[in-house]
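A.B. asks: sequence-free structure coming up:
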């Protein structure tokens, strides 16, 4: 999510929420293209091919909205409709606040569910997801190391949802990039949630850590395509 893309479908880019100082830990990786082609076809989308594979991002964030702290974890797939701009499909999402998750589902029509989310941006970074006391997903860098690259990024574009919906998003900030090395760890609990099975069944393989200690996240209302 590094290119700068204009919001889609001719809608105004006014943001319903614009949050600064977001702490972000994300795993970028590749997965089976045919699996995600079949999965996204029902939504009128096709995964973007990178080295012949689908490109996925599992990201955890910690932020505060009007003084209310919360954490999120999202699973997204780089994708686009046949005649629309490239963006990301929001396959699954979680929020540490049950109230915020409810607002996301009811007002914004996004697939949020409440869960426990932990993350750490300081080296070595880590993230984890749990529900009802059961661990569902976790990832951790084996040991602190210098970043391979450091760059300012400002991505703007559509985030696609089911039922022909989408919203425009902006993700910006200083990004530190680290390769995902053999000593790093990713654990996925199969059978707990469909989205986690999708990660496992599509053989999601992390390639890089993307760390932002202080990012800007903004999103528009939800629109119909």
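C.D. replies: Now that the structure is in, tell me what you want to look at. Computed from a predicted model, the values in this text were never measured in an experiment.
A.B. asks: Tell me the secondary structure of the closest residue to residue 88 other than its chain neighbours, please.
C.D. replies: Counting by Cβ to Cβ, 6 or more residues apart in numbering, residue 76 is the residue found nearest to residue 88 once chain neighbours are left out, at 4.2 Å. Quick note: C-beta positions are derived from backbone N, CA and C, even for glycine. Classification of residue 76 by DSSP: H, G, I helix; E, B strand; the rest coil places it in strand.
A.B. asks: wait, residue 76 sits on residue 89?
C.D. replies: Yes - look at residue 76 against residue 89 with Cβ atoms under 8 Å: they come within range, at 6.4 Å.
A.B. asks: which neighbours do the two share?
C.D. replies: residue 159 (Cβ atoms under 8 Å, 6 or more residues apart in numbering).
A.B. asks: For these two, indicate the residue with more neighbours.
C.D. replies: Neighbour totals were compared for residue 76 and residue 89, and residue 89 leads with 26 against 21 (other Cβ atoms under 10 Å).
A.B. asks: that's a helix at residue 101, yeah?
C.D. replies: Yes - assessed by three-state DSSP, residue 101 belongs to a helix.
A.B. asks: residues contacting the residue nearest to residue 88?
C.D. replies: Contacts of residue 76 by Cβ under 8 Å, 6+ apart are 56, 57, 59, 88, 89, 90, 91, 159.
A.B. asks: I'd say the third one and residue 88 touch.
C.D. replies: Put plainly, it is residue 59. No - between residue 59 and residue 88 there is no contact under Cβ under 8 Å: 10.3 Å.
A.B. asks: Name the residue in these two with the higher neighbour count.
C.D. replies: Between residue 59 and residue 88, residue 88 has the larger neighbour count (other Cβ under 10 Å), namely 26 against 21.
A.B. asks: Cool, thanks, signing off.
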